[in-house]
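Asker: The following comprises the amino acid sequence and a computationally predicted model.
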Amino acid sequence: YGKPFSKRLLSFICISALFAGFVHPLVLFASGRNAFGSTVADHFILGLRVVAMSFINIQPVLFIWYPPLFALTRSLLSVGVLGAFGHAQAQAVQLCNFPSDRRDPILKLDTMADLKSFWIVTRVLGPSLDLGMCFRYNNAFLLISVCFLLLCTGGLAALP
């Protein structure tokens, strides 16, 4: 249902990640020091640092943006489903957000077979089809990340 993520939003996410690479030079400049050093080697190394930090920060920024974007997808799917059943407010939201010739089909649920077929269609077309696999791999990745963080913290605490 619709196209929930625009190029403008994705551009904003990537630009905000790239901006994070410029935080260090801005802090140096605000403290009265040279933002990119004083020698050519300093300029080169700090410039590479800005580029590296900019591209390293794209993944955490996308990770932070995932829950609101997933909620937006679910919300748009819910509005589409409600509009298909003739809910007036959902149809008004669709007309305001997507003023085009494309309209959702009106569905009638008269029998239990209609309800089951609708449930199957929403499971297949909805964003939660492979969510179980996603949770399984994300939980393993999270477990490894937490163990690594605990190991690094313990190593730092053990230093004299």
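Answerer: Perfect, thanks for sending it. Residues are numbered from 1 along each chain as shown.
Asker: Following the chain past the helix or strand containing Ser78, name the next helix or strand.
Answerer: If you go by DSSP states H and E, Ser78 is part of helix 58-84. Next in sequence after helix 58-84, counting helices and strands by DSSP H and E, comes helix 88-97.
Asker: Buried ones in that next one, by neighbour count?
Answerer: Ala90, Gln91, Val93, Gln94 (16 or more other CB atoms under 10 Å). Where you see a C-beta, it was placed from the backbone N, CA and C, and this is true even at glycine.
Asker: and if you look at stretch 11-27?
Answerer: Ile13, Cys14, Ala17, Leu18, Ala20, Gly21, Pro25.
Asker: Kindly check the end-to-end length of that stretch for me.
Answerer: In terms of CA to CA, to the nearest Å, the two terminal residues of stretch 11-27 are separated by 25 Å.
Asker: Out of the buried residues of helix 88-97, which comes closest to Val121?
Answerer: Closest approach to Val121 among the buried residues of helix 88-97 (CB to CB): Ala90, at 17.3 Å.
Asker: Which pLDDT value goes with the residue lying closest to the closest one once chain neighbours are set aside?
Answerer: Nearest non-adjacent residue to Ala90, counting by CB to CB, 6 or more residues apart in numbering: Leu82, 3.6 Å away. We have a pLDDT of 75 for Leu82.
Asker: now Asp104
Answerer: 65.
Asker: Show me the residue at the heart of this structure, geometrically.
Answerer: Per CA atoms, centre = their mean, the C-alpha nearest to the average position across the chain is that of Tyr66, at 2.6 Å.
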